[in-house]
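Engineer: Need the 3D shape of this:
(chains A and B, ligands or ions: 2)
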Amino acid sequence: MTNGIGTAVAAAPGDRDADDVFVDVQNVRLNYQVGDDSSTLALDETNMTLRRGEFVAIVGPSGCGKSSLLKLASGLRRPSSGEVLVGGSAVVKPIKIVGMAFQNPTMLPWLRTIDNVLMPLQIVEPHRSQFRAKKEEYREMARGLLAEVGLAHFADKYPWELSGGMLQRASLCRALIHDPRLLLLDEPFGALDAFTREDLWQVLQKLWMERHPTVILVTHDLREAVFLADTVHVMSARPGRVLTSHRVDIRRPRTLDDLFTDTASQLVHELRSHISHDRGV
Amino acid sequence: MRTVDELDTVSRTTMDARARSGSTRGRIAKSLRELAAPDKVFPALAIVLFFVVWEIVCRVFNVPVFILPKPSEFLGVLIAKWPAILPNAIQTLYTTIVGFALGVLVGAAIGACVGLSRFVYRVTYPLLIGFYSVPKIAVVPILVIWFGIGTIPAILTAAIMCLFPVVVNVATGLATTEPELEDVLRALGASKLDVLRRVGLPRSMPYFFASLKIAVSLAFVGTVVAETVAANIGIGSMMILASSTFDVPLVFAGVFLLAVLGVAMYAIFALIERRVTFWARRNADVAA
Ligand SMILES: Nc1ncnc2c1ncn2[C@@H]1O[C@H](COP(=O)(O)OP(=O)(O)OP(=O)(O)O)[C@@H](O)[C@H]1O
Ligand SMILES: [Mg+2]
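Structural biologist: Ligands and ions are numbered 1, 2, ... in the order given. You can find the predicted model right below:
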């Protein structure tokens, strides 16, 4: 099925160059055990591959297991069956090449913004053991990153002195400071107003084009998915599986105007119909 | 968990009373203005008024000294007998501080164990509640049997008195970390110890410091009560001695001194709390 910009991609992972695959989710099931006798099947036979440096968006009905999928990719949880491979090896515990940001920016209120951004460097090796020695260098790095997202003058403010949009920018900086190869974003702009959100799409696109991490973005906003992603995966209602995947072939850097072209709105439309269809609407 | 609620209301009211401010200069100007603000002046007036009314009532109704001495009388005694009172005051302060330090150290250690492990929490909870519900004064006779009359029973009473608020608050502070924040750190491969050091400990500081000002008051109460029963020196002991010789003004002088010292110690720790955990108030301001 090929219609201009939106291209339905075959779900089979085998049709791509194997060397190029960075994240490989293979037949993953995830069962949450609640108490002794009840359990929730969050993911069922989920398959997904991401090329190195690919920007993937995941959309799907609420509760279908999108956040759970990110937990699997980060190693915070193990799948009940199946396997998640990152960079060729199975994820069995948290791996340091991951950066995460959530809908809730979760900044530490007792640290200035810049120190919040520096936090990952105090945990991840090799930065951790060099942190004292290279402190000034790291601070400059953090300042540079904050400046890129428009927070140059807020580095020394406390998080409670920042607005919601500013906090989310800082949260992106914290996720990127250790130059992660895999960036996991769980509805990072979900709580923001439309204008701030569109602003941050562009910020994120810029950061991604400079650093080229592999990104999994979970979102409820189909326009956001189309604007940012190379590939959009649509998941089914719980238990989640990947229903279809769409390639977005708009050249980068994309502008907001690109979203108003026929082909882009057609793609948004098509994504929506998949989700409504699955809900039985 | 009554103490937590109490602390919560205490910190909330101080929170509300304080306005947000920016620069240091602005803050100094603000605190000067606050000193003269009605919410600071009226409480001071109320205290003065209390003693003035007391003085007047005593004079008008000619109340005998051995029932209710006039403020002017016991303040006079306080000044006249100061050289004799001072060693007692020093002894009481010393006992309170040593007992407080001991109680806080042990309390923080127990609180950390309880707050960090659900297992320890479940196992020790009934035991802790049991200890908590025993009136602490009941242990003084036991301490006297073990250690005799003197400083040690008073120190231990003070320590036991201030143990529980510290345990409860430290445990609460450590047990409640935002799961998402923990995820951010754990996804980077942070160990449990990392999470504790970077998040758990700083986060529990407001709870800890809120408990300190309650604990210091309780340690003071414990000291004085133990002194009245089982000591030869200290303000508590001095008052018992005075009452046995019907030196009622000296008894009241003792009560007055206790009130002043108690308020002072509470104020010192309230001030430290305000300095150390400024972010918790700001944060709550924003949230509220
Ligand atoms: N820790 C947990 N324990 C038990 N069940 C859980 C847990 N986390 C998630 N679930 C269940 O797993 C399912 C998928 O949850 P998940 O958070 O992954 O959904 P989601 O797609 O991110 O939803 P949303 O779009 O609303 O954020 C839900 O039905 C949820 O109830
Ligand atoms: Mg979710």
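Engineer: Run through the helices of chain A in chain order.
Structural biologist: Ranges of helices within chain A are A:66-74, A:113-118, A:127-130, A:135-148, A:164-176, A:194-211, A:222-228, A:262-279, based on DSSP state H.
Engineer: okay, those in a markdown table with mean pLDDT next?
Structural biologist: Below are the helices of chain A laid out as a markdown table (pLDDT from 0 to 100):
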| stretch | mean pLDDT |
| --- | --- |
| helix A:66-74 | 91 |
| helix A:113-118 | 94 |
| helix A:127-130 | 83 |
| helix A:135-148 | 91 |
| helix A:164-176 | 92 |
| helix A:194-211 | 91 |
| helix A:222-228 | 94 |
| helix A:262-279 | 85 |
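Engineer: Out of these, which gets nearest to ligand 1?
Structural biologist: helix A:66-74 (3.2 Å; C-beta to the nearest ligand atom). For every residue, glycine as well, the C-beta is placed using N, CA and C.
Engineer: Let me know whether the closest one sits next to chain B.
Structural biologist: Yes. Contact between helix A:66-74 and chain B, assessed by C-beta under 8 Å from any C-beta of the partner chain, occurs at A:71, A:74.
Engineer: What is that helix packed up against?
Structural biologist: Judged by 3 or more C-beta pairs under 8 Å, 6 or more residues apart in numbering or on different chains; DSSP states H and E, helix A:66-74 is in contact with strand A:21-34, strand A:38-51, strand A:81-86, strand A:98-102, strand A:182-186, strand A:214-218.
Engineer: Of the ones you listed, which is nearest chain B?
Structural biologist: Nearest of these to chain B, taken as C-beta to the nearest C-beta: strand A:98-102 at 5.0 Å.
Engineer: And the contacts of that closest one?
Structural biologist: Contacts with strand A:98-102, where a contact means C-beta atoms under 8 Å, 6 or more residues apart in numbering or on different chains, come from A:70, A:73-75, A:120, A:168, A:171-172, A:174-178, A:180, A:182-188, A:213, B:180, B:183-184, B:187-188.
Engineer: Quick one, which of those are buried?
Structural biologist: A:70, A:73-75, A:120, A:168, A:171-172, A:174-178, A:180, A:182-188, A:213, B:183-184, B:187-188 (16 or more other C-beta atoms under 10 Å in any protein chain shown).
Engineer: Okay, buried residues for the longest helix seen in chain B please.
Structural biologist: Using DSSP H, we find that the single longest helix of chain B is helix B:82-116. Neighbour-count burial for helix B:82-116 flags B:85, B:88-89, B:91-93, B:95-100, B:102-104, B:106-108, B:110-116 (criterion: 16+ other C-beta under 10 Å).
Engineer: just to revisit the earlier point, how about the helices and strands packed on helix A:66-74 in CSV, adding distance to residue B:274 and mean pLDDT?
Structural biologist: Converted to CSV, the helices and strands packed on helix A:66-74 look like this (distance: least, C-beta to C-beta, whole Å; pLDDT from 0 to 100):
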stretch, distance to residue B:274, mean pLDDT
strand A:21-34, 43, 90
strand A:38-51, 46, 89
strand A:81-86, 47, 91
strand A:98-102, 32, 90
strand A:182-186, 36, 94
strand A:214-218, 41, 95
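Engineer: Deepest-packed of those strands, please.
Structural biologist: Among the helices and strands packed on helix A:66-74, ranked by average contacts under mean count of other C-beta atoms under 10 Å in any protein chain shown, first place goes to strand A:98-102 (a mean of 26).
Engineer: Can you tell me how far the spatially closest residue to residue A:145 that is not a sequence neighbour is from residue A:233?
Structural biologist: The spatially closest residue to residue A:145, leaving aside those adjacent along the chain, is residue A:173, at 4.7 Å (C-beta to C-beta, 6 or more residues apart in numbering or on different chains). Distance check for residue A:173 against residue A:233: by C-beta to C-beta, to the nearest Å, it reads 27 Å.
Engineer: Check residue B:91 too.
Structural biologist: 74 Å.
Engineer: re the thing from before, what residues are up against the residue nearest to residue A:145?
Structural biologist: Per C-beta under 8 Å, 6+ apart, neighbours of residue A:173: A:117, A:142, A:145-146, A:149, A:151.
Engineer: ok, now with 6 Å
Structural biologist: With contact taken as C-beta atoms under 6 Å, 6 or more residues apart in numbering or on different chains, residue A:173 is in contact with A:117, A:145-146.
Engineer: do the same with residue A:84
Structural biologist: So residue A:84 contacts A:25, A:72, A:91 (C-beta under 6 Å, 6+ apart).
Engineer: give me the residue from the stretch 51-200 of chain B nearest ligand 1.
Structural biologist: residue B:179 (9.0 Å).
Engineer: Could you measure from that residue over to chain A?
Structural biologist: 9 Å (C-beta to the nearest C-beta, to the nearest Å).
Engineer: where does chain B have its least confident helix or strand?
Structural biologist: When the helices and strands of chain B are scored by mean pLDDT, DSSP states H and E, helix B:2-17 comes last with a mean of 41.
Engineer: Report the buried residues of the strand or helix carrying residue B:50.
Structural biologist: Secondary structure from DSSP states H and E places residue B:50 in helix B:38-60. Within helix B:38-60, the residues scored as buried using 16+ other C-beta under 10 Å are B:54, B:58.
Engineer: Could you report the neighbour count for residue A:265?
Structural biologist: Using other C-beta atoms under 10 Å in any protein chain shown, residue A:265 has 13 neighbouring residues.
Engineer: Now do the nearest residue to it once chain neighbours are set aside against residue A:229, distance only.
Structural biologist: What sits nearest to residue A:265 in space, not counting adjacent residues and going by C-beta to C-beta, 6+ apart, is residue A:259, at 7.4 Å. Look at residue A:259 and residue A:229: by C-beta to C-beta, they are 13 Å apart.
Engineer: same question, residue B:145
Structural biologist: Residue B:145 is 76 Å from residue A:229, by C-beta to C-beta.
Engineer: Those two - which one has more neighbours?
Structural biologist: Taking neighbours as other C-beta under 10 Å, residue B:145 and residue A:229 compare with residue A:229 leading, 23 against 9.
Engineer: How about the more buried one: what's its closest non-neighbour residue?
Structural biologist: Nearest to residue A:229 is residue A:57, by C-beta to C-beta, 6+ apart, at 3.6 Å.
Engineer: residues contacting that neighbour?
Structural biologist: Counting by C-beta under 6 Å, 6+ apart, residue A:57 has contacts A:217, A:219, A:225, A:229, A:232.
Engineer: Just give me the closest of those residues to ligand 1.
Structural biologist: Closest to ligand 1, out of all of the contacts of residue A:57 and judged by C-beta to the nearest ligand atom, is residue A:219, at 9.2 Å.
Engineer: For that closest one, give me the pLDDT.
Structural biologist: What the model reports for residue A:219 is a pLDDT of 94.
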